[in-house]
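Participant: using only what follows, build the 3D model:
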Amino acid sequence: MDESGLFFKDTTRKTFHIKGQDCAGGKRSKERITIALCASMTGEKLQPLVIGKCRKPRCFQKLDPKTLPVIYRFNKKAWMTSAIYEEWLKLLNKQMTRQNRKILLFVDNAPSHPALTLSNITVKFFPPNTTSKTQPMDQGIIQTVKLKFRKRQMIHMVKEMERQPDVSGPDLLKQINILDAIYWLSSSWKETEASTIEKCFLKAGFISDTSQELTQELHAESCDDLDDDDIPLAVLKLSMDLFGCEFNELKEIDETLATCDNAEIDWTKPAHDLLSDINEQGETDDESEEEDMILSQFPNNKELLDCVNKIKTFSVHRGCSKLLKNVFQMEELISCLIVQKERQSSITDFFTPRGSV
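Facilitator: Next up is the predicted model:
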């Protein structure tokens, strides 16, 4: 298990422009989250942990955070804290207890990782200053996930530039919210192959029964499972325009981002200030965020169903069976939601009570 910071709006450039327009200035966004990924040396993956700054960002609207494809937690700095780590570890221990499994978990010795004694998990800490070599997640797993994330982010930007040609780059970036980031991260993690994870564990020195076969593959290729030929040319170009680097270098743009408070506590401070420093479970006020979230106008049922039919027609026209299958599943879910909404209406909405005429 390991954490990493992730800028989901930062461009690493102070300006960004759309082809054919003058360069538009704008502040670099510092909207960040902390992600924590955990996997076994056989490629089994746990649900990602995402730490944001708000209890329930406005983009969640009526979504229950418990239904998200990640475990979502928050604090003022979007950092891993001892409380979040302890809660996550105890949840994992319950899961292992239900499955009647006992596991060995390796983590770094960060201040946010207190020593705990659990029934089904034995936690081992990597020696100080060795995680760059011994932490499997740092051997290519996190980097692979980030590249897959950036690919989705860049494809989204290309799409939005076509849909909103009159909107400047900084304004398009502001429209990306933490909900987008969560689903992009979840898809990127699911897409990461078990063989990639196994190779990274081997590179870190973890030996398994299949090590000999994987060692030959490891010498022949990198741990990255992202095929360069699968990256659209528009994405390759936009990564240079937007980030000022090659696409494969995007995995490095936030690698030095802090994920926990490494500063020593100044015990000479007044008690009130000490408590404020120690308690990181507060949240930022979503209304006062520097980058205001832009929420689309809520469509009515007719607009929604018309949109589904257009996507269905597009799928058939392009001969994309995979998309068509997903559209039918989406149509079924939308229909169920509409029917459920109608059921909430009172019977008097359809019939006039006797004696009221």
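
Participant: looking at this protein, which helix or strand is least sure?
Facilitator: The helix or strand of the chain with the poorest confidence is strand 24-25; it has a mean of 36 (mean pLDDT, DSSP states H and E).

Participant: SS state for residue 5?
Facilitator: Following DSSP: H, G, I helix; E, B strand; the rest coil, the label given to residue 5 is strand.

Participant: got the contact list for the helix or strand that the least confident helix or strand of the chain is followed by?
Facilitator: Where DSSP states H and E defines the elements, the next helix or strand beyond strand 24-25 is strand 32-37. Strand 32-37 is contacted by residues 1-8, 10, 45-46, 48-52, 78-80, 88, 137, 141-142, 145, 178, 181, 185, 189, 254, 257, 259 when judged by CB atoms under 8 Å, 6 or more residues apart in numbering. (Glycine included, C-beta is placed from N, CA and C.)

Participant: and the helix or strand just after strand 32-37, average pLDDT?
Facilitator: Later in the chain than strand 32-37, the nearest helix or strand by DSSP H and E is strand 49-52. Strand 49-52 shows a mean pLDDT of 96 in the predicted model.

Participant: what strands line up against strand 49-52, and which way round?
Facilitator: Applying DSSP bridges, strand 49-52 is found paired with strand 32-37 (antiparallel), strand 71-74 (parallel).

Participant: okay, those strands, which one's buried deepest?
Facilitator: Ranked by mean neighbour count, those are led by strand 32-37 with a mean of 23 (mean count of other CB atoms under 10 Å).

Participant: distance between that one and the chain's centre?
Facilitator: Averaged C-alpha coordinates place strand 32-37 at 7 Å from its chain's average position (CA atoms, centre = their mean, to the nearest Å).

Participant: contact partners for the residue lying closest to residue 164 once chain neighbours are set aside?
Facilitator: Excluding its sequence neighbours, the residue lying closest to residue 164 (CB to CB, 6 or more residues apart in numbering) is residue 172, at 6.7 Å. By CB under 8 Å, 6+ apart, the contact set of residue 172 is 157, 160-161, 164.

Participant: number of residues surrounding residue 3?
Facilitator: When neighbours are counted by other CB atoms under 10 Å, residue 3 registers 27.
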